[in-house]
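A.B. asks: structure of the sequence below:
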Amino acid sequence: MGRAADLDREYEMTRYFHSKGLAAKLVEYCFDVGRDCDCLLTKRVPGDDCTAVMYLEQPERLADLRGLRISEAGGEICLRLDKSRGRTFLEMNEMLTAWRQPPAKTEDGEITKEEYDAWRYKYPELYTTQRWTQVPSQALSDMLIESLKERNL
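C.D. replies: A predicted model of the protein is given here:
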């Protein structure tokens, strides 16, 4: 959900990309100016997420998928990221680094326990630097759409 009409361009792009077989099918796009919000719903993307039974019953499959290795450090069991996993390593490293910052700030006295609790109970909503929620600029979106139209994609 976003502010009213924030997802309008996303709706247009998703509709176009779906027509080319490159995105999930749109179910509904609606906005409420009075409440200053909008919502974009798509069909489920095929595949399993991390809560699928196969991962819950066989956690080693999830560890392999996310590039995690069980090891020991300082006498404690820990999970380590496998650097050889390239992009998976970079994505997981960024996420875990973000998760580590608020507790570290709490330990250093930079934020209160209440501020930390508010952050962790509302993650990722209060984590504003995550890259996967950013959308391309309007200029980039326009350029991409025009390029695809010219190629009849």
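A.B. asks: helices and strands of the chain: which one bottoms out on pLDDT?
C.D. replies: The weakest-scoring helix or strand in the chain, judged by mean pLDDT, DSSP states H and E, is helix 138-150 (a mean of 70).
A.B. asks: would you mark the buried spots in the helix or strand that contains residue 13?
C.D. replies: Per DSSP states H and E, residue 13 falls inside helix 8-19. Under the neighbour-count criterion of 16 or more other CB atoms under 10 Å, helix 8-19 has 10-11, 13-14, 16-17 buried. Backbone N, C-alpha and C define where each C-beta goes, glycine included.
A.B. asks: counting contacts, what elements does it pack onto?
C.D. replies: If you count contacts as 3 or more CB pairs under 8 Å, 6 or more residues apart in numbering; DSSP states H and E, helix 8-19 packs onto strand 26-32, strand 37-42, helix 138-150.
A.B. asks: quick one: residue 49 from residue 62, how far?
C.D. replies: The gap separating residue 49 from residue 62 is 10 Å, by CB to CB, to the nearest Å.
A.B. asks: run through the neighbouring helices and strands of the top helix by length along the chain.
C.D. replies: Longest helix of the chain, by residue count under DSSP state H: helix 87-107. Judged by 3+ CB pairs under 8 Å, 6+ apart, helix 87-107 is in contact with strand 76-81, helix 113-121.
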